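Asker: What shape does this take:
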Amino acid sequence: MTVGTLELRLHLPGCRSLKEKRSRLKRLIAGLRREFNVSVAEVGQNDLHQTALLAVAVVSNETAFANAVLSQVVARVEREATLYLQDHRLEFR
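Answerer: Below is the predicted model:
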(Lines give C-alpha, C1' and ligand atoms only; values in the text may rest on other atoms or scores of the structure.)
Protein backbone atom coordinates (compact mmCIF):
# COMPACT_ATOMS: atom_id res chain seq x y z
CA MET A 1 0.00 0.00 0.00
CA THR A 2 1.23 3.48 -0.89
CA VAL A 3 0.06 6.74 0.61
CA GLY A 4 0.88 9.76 -1.52
CA THR A 5 0.70 13.25 -0.07
CA LEU A 6 0.93 16.56 -1.83
CA GLU A 7 1.42 19.92 -0.15
CA LEU A 8 0.34 22.96 -2.17
CA ARG A 9 1.32 26.53 -1.27
CA LEU A 10 -1.07 28.91 -3.02
CA HIS A 11 -1.28 32.65 -3.56
CA LEU A 12 -4.77 34.12 -4.00
CA PRO A 13 -4.28 37.61 -5.46
CA GLY A 14 -6.93 40.19 -4.74
CA CYS A 15 -8.42 38.38 -1.74
CA ARG A 16 -9.48 41.04 0.74
CA SER A 17 -11.14 38.86 3.37
CA LEU A 18 -11.07 35.39 4.85
CA LYS A 19 -14.62 34.91 3.62
CA GLU A 20 -13.53 35.49 0.02
CA LYS A 21 -10.51 33.20 0.49
CA ARG A 22 -12.67 30.39 1.84
CA SER A 23 -15.12 30.80 -1.02
CA ARG A 24 -12.36 30.39 -3.61
CA LEU A 25 -10.78 27.46 -1.78
CA LYS A 26 -14.11 25.71 -1.25
CA ARG A 27 -14.71 25.66 -5.00
CA LEU A 28 -11.19 24.38 -5.70
CA ILE A 29 -11.29 21.70 -2.99
CA ALA A 30 -14.68 20.39 -4.13
CA GLY A 31 -13.47 20.19 -7.73
CA LEU A 32 -10.30 18.28 -6.79
CA ARG A 33 -12.26 15.82 -4.67
CA ARG A 34 -14.77 15.24 -7.46
CA GLU A 35 -12.29 14.98 -10.36
CA PHE A 36 -9.54 12.92 -8.72
CA ASN A 37 -11.19 11.10 -5.77
CA VAL A 38 -8.59 12.46 -3.33
CA SER A 39 -8.75 13.83 0.20
CA VAL A 40 -8.09 17.57 0.43
CA ALA A 41 -7.86 19.93 3.41
CA GLU A 42 -6.61 23.41 4.20
CA VAL A 43 -3.82 22.73 6.70
CA GLY A 44 -2.08 26.05 7.21
CA GLN A 45 -2.00 29.80 6.65
CA ASN A 46 -5.63 29.92 7.82
CA ASP A 47 -5.47 33.50 9.08
CA LEU A 48 -3.87 35.07 5.99
CA HIS A 49 -6.10 36.48 3.23
CA GLN A 50 -3.93 35.80 0.19
CA THR A 51 -2.00 32.66 1.14
CA ALA A 52 -3.22 29.09 1.58
CA LEU A 53 -1.63 25.76 2.35
CA LEU A 54 -3.53 22.69 1.13
CA ALA A 55 -2.76 19.02 1.68
CA VAL A 56 -3.92 16.36 -0.77
CA ALA A 57 -3.74 12.61 -0.10
CA VAL A 58 -4.34 9.48 -2.15
CA VAL A 59 -4.05 5.80 -1.21
CA SER A 60 -3.10 3.25 -3.85
CA ASN A 61 -1.59 -0.18 -4.25
CA GLU A 62 1.07 1.27 -6.58
CA THR A 63 3.39 4.24 -6.14
CA ALA A 64 3.26 4.99 -9.87
CA PHE A 65 -0.53 5.40 -9.77
CA ALA A 66 -0.40 7.67 -6.71
CA ASN A 67 2.29 9.75 -8.40
CA ALA A 68 0.21 10.04 -11.58
CA VAL A 69 -2.90 11.18 -9.69
CA LEU A 70 -1.04 13.78 -7.62
CA SER A 71 0.81 15.06 -10.70
CA GLN A 72 -2.57 15.56 -12.40
CA VAL A 73 -3.75 17.48 -9.32
CA VAL A 74 -0.72 19.79 -9.61
CA ALA A 75 -1.43 20.35 -13.32
CA ARG A 76 -5.10 21.11 -12.56
CA VAL A 77 -4.20 23.65 -9.84
CA GLU A 78 -1.69 25.33 -12.18
CA ARG A 79 -4.52 25.88 -14.70
CA GLU A 80 -6.73 27.57 -12.08
CA ALA A 81 -7.28 31.20 -13.10
CA THR A 82 -8.05 32.68 -9.67
CA LEU A 83 -4.85 31.62 -7.89
CA TYR A 84 -1.16 30.88 -8.35
CA LEU A 85 0.69 27.76 -7.30
CA GLN A 86 3.77 29.05 -5.48
CA ASP A 87 5.26 25.71 -4.47
CA HIS A 88 4.38 22.05 -4.09
CA ARG A 89 5.92 18.98 -2.48
CA LEU A 90 5.17 15.30 -3.14
CA GLU A 91 5.86 12.52 -0.66
CA PHE A 92 5.18 8.78 -0.77
CA ARG A 93 5.12 6.27 2.09
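
Asker: Assign a three-state SS to residue 52, would you?
Answerer: Three-state assignment for residue 52 (DSSP: H, G, I helix; E, B strand; the rest coil): strand.

Asker: Quick one: residues contacting it.
Answerer: 8, 9, 10, 12, 21, 25, 42, 44, 45, 83 (C-beta atoms under 8 Å, 6 or more residues apart in numbering). Using the backbone N, CA and C atoms, a C-beta is placed for each residue, glycine as well.

Asker: Looking at those residues, which two lie furthest apart in space?
Answerer: 44 and 83 (15.3 Å; C-beta to C-beta).

Asker: Between those two, which is the more surrounded one?
Answerer: Legend: neighbour count by other C-beta atoms under 10 Å for residue 44 and residue 83, higher for residue 83 (21 against 14).

Asker: correct me, but that one touches residue 8?
Answerer: No: Residue 83 is beyond contact range of residue 8, at 9.7 Å (criterion: C-beta atoms under 8 Å).

Asker: which residues do these two both contact?
Answerer: 52, 77.

Asker: what about the chain, any weak spots by pLDDT?
Answerer: Applying pLDDT under 70 to the chain flags no residue at all.

Asker: what about the strands in it?
Answerer: Using DSSP state E, the strands of the chain run over 2-11, 39-44, 51-60, 84-92.

Asker: between whichever helix in the chain runs longest and strand 39-44, how many degrees?
Answerer: Longest helix in the chain by number of residues, with DSSP state H as the criterion: helix 18-36. On the basis of axes from the mean of the first three to the mean of the last three C-alpha atoms, to 10 degrees, helix 18-36 is oriented at 150 degrees to strand 39-44.

Asker: Please name the nearest non-neighbouring residue to residue 87.
Answerer: In space, and not counting its chain neighbours, residue 87 is closest to residue 9: 4.3 Å by C-beta to C-beta, 6 or more residues apart in numbering.

Asker: re the thing from before, distance to residue 78 added to the strands of the chain, as TSV?
Answerer: TSV is the format used below for the strands of the chain (distance: least, C-beta to C-beta, whole Å):
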stretch	distance to residue 78
strand 2-11	10
strand 39-44	16
strand 51-60	13
strand 84-92	5
